[in-house]
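> Just to be clear, the model below is a prediction. Sequence and coordinates:
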Amino acid sequence: MTQASLIDGKAFSADLRGRIATHVARLKEEHGITPGLAVVLVGEDPASQVYVRSKGKQTVEAGMASFEHKLPADTSEETLLAKVRELNEDPAVHGILVQLPLPKHLDSDLVINSIDVAKDVDGFHISNVGLLATGQKSLVPCTPLGCIMMLKAELGDLSGKEAVVIGRSNIVGKPMAQLLLAESCTVTIAHSRTADLAGTVRRADIVVAAVGRPQMVPGEWIKPGATVIDVGINRVPKEDGEGHRLVGDVDFASAKEVAGAITPVPGGVGPMTIACLLSNTLTACCRANGIPEPEL
Ligand SMILES: Nc1nc(=O)c2c([nH]1)NC[C@@H]1CN(c3ccc(C(=O)N[C@@H](CCC(=O)O)C(=O)O)cc3)C=[N+]21
């Protein structure tokens with residue numbers, strides 16, 4: 001049997017970051033403006049720290065300004081809201097990201113909704129969610145945006161395709177479904193209570209797996225030739241007991257025997273998420289300054 005082609009998110013994102021860097025350089029030259037991204041991290045989750053560091057590095061590599069704000073795990077809601085307010089008012093900051101999940105004593109909805117809508121580069125603010133759902137200009141969540149870019153590069157026109165999104169989170173599943181719908185796919189959102197998950201996934205021309213359960217989608221659920229986007233990034237112990245490795249929500253080994261194309265983990269959706277964060281920051285900066293936004 002022929003093997004699925006690999007959708008190389010690492011190469012795709014490097015390319016996108018290159019185009020972003022070109023536009024950032026032009027913004028500086030022609031307008032004297034440097035796009036700025038502020039990341040707020042509360043607490044010391046090691047995985048979050050790694051991720052925030054790589055975001056900061058890639059932000060600087062694209063020619064943008066990176067502002068990192070690390071607050072202790074016991075930060076009060078009042079202090080965090082004051083920090084967001086300060087960033088909302090800072091003209092050097094065009095994008096604000098508050099790393100999730102927040103410690104349990106903080107109301108993440110309240111915090112996210114206190115971010116200036118125009119600086120909400122995660123696209124999680126209720127106003128951006130509503131704008132996306134009604135087809136108006138918004139800032140689109142980075143992970144779903146990256147998935148759509150890869151799908152369009154792989155398949156071209158998506159209209160009329162059967163798309164199944166597994167997972168109904170606010171950060172991936174729901175916005176992913178909105179974007180697929182906007183591309184005129186027939187969209188199903190499946191989740192833990194879906195009666196016949198295997199049968200539902202088997203109908204799909206496009207499968208987006210975003211549940212956070214290691215290798216839960218086996219190849220036998222995949223329709224031959226389907227395009228599989230694996231959003232999961234799960235750390236599992238290595239077979240030999242030494243350290244850990246990253247696996248997706250899809251069982252890659254069996255799925256690649258059936259799918260037409262598939263994203264790997266790592267090197268698939270993850271790098272695209274960060275590139276889209278930079279893209280959203282550039283977009284927010286252009287909008288804030290009345291400069292036409294680049295087609296990326
Ligand atoms: N407000 C907010 N916005 C986010 O976008 C957000 C967040 N909070 N909280 C945490 C999650 C996680 N996330 C990742 C993005 C890229 C990789 C990534 O690039 N992963 C590499 C592997 C990295 C490794 O080796 O650990 C890959 O898939 O190839 C991972 C994880 C964004 N998140």
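That came in fine, so what should we check first?

> Which residue comes closest to the residue in the stretch 101-250 of the chain positioned nearest to the ligand once chain neighbours are left out?
Nearest to the ligand, among the residues of the stretch 101-250 of the chain, is Asp122, at 4.7 Å (Cβ to the nearest ligand atom). (C-beta placed from N, C-alpha, C; glycine too.) Excluding its sequence neighbours, the residue lying closest to Asp122 (Cβ to Cβ, 6 or more residues apart in numbering) is Leu97, at 5.4 Å.

> Does the one you found lie in a helix or a strand, and which?
If you go by DSSP states H and E, Leu97 is part of strand 95-98.

> count of neighbours near Glu162?
A count of nearby residues for Glu162, using other Cβ atoms under 10 Å, gives 16.

> again with Val98
Neighbours of Val98 under the rule other Cβ under 10 Å: 24.

> likewise Thr200?
Neighbours of Thr200 using other Cβ under 10 Å come to 18.

> Enumerate every residue touching Glu68.
38-39, 41, 52, 56 (Cβ atoms under 8 Å, 6 or more residues apart in numbering).

> quick one: which of the residues you listed is most hemmed in?
Most surrounded of these: other Cβ under 10 Å gives Ala38, at 27 neighbours.

> Shouldn't that one be within a strand?
Yes - the assignment for Ala38 (DSSP: H, G, I helix; E, B strand; the rest coil) places it in a strand.

> May I ask which helix or strand encompasses the residue lying closest to it once chain neighbours are set aside?
Of all residues not flanking Ala38 in the chain, Phe67 sits nearest, at 4.2 Å (Cβ to Cβ, 6+ apart). Phe67 belongs to strand 65-71 when elements are defined using DSSP H and E.

> Any part of that strand near the ligand?
No - legend: contact between strand 65-71 and the ligand by Cβ under 6 Å from any ligand atom is lacking; minimum distance shown is 13.1 Å.

> With only the CA atoms kept, save that strand in PDB.
Extracted C-alpha coordinates of strand 65-71, given in PDB (Å, rounded to 0.1, in the frame of the first residue of the first chain):
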ATOM      1  CA  ALA A  65      10.000  42.900  19.800                       C
ATOM      2  CA  SER A  66       9.400  40.300  22.500                       C
ATOM      3  CA  PHE A  67       8.200  41.200  26.000                       C
ATOM      4  CA  GLU A  68       8.100  38.300  28.500                       C
ATOM      5  CA  HIS A  69       6.300  38.800  31.800                       C
ATOM      6  CA  LYS A  70       6.800  36.000  34.300                       C
ATOM      7  CA  LEU A  71       4.600  36.200  37.400                       C
END
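
> and that strand, which residues are buried?
In terms of neighbour count (16 or more other Cβ atoms under 10 Å), strand 65-71 has its buried residues at 66-67, 69.

> and which of those is nearest to the ligand?
Ranked by distance to the ligand (Cβ to the nearest ligand atom), the buried residues of strand 65-71 are led by His69 at 13.1 Å.
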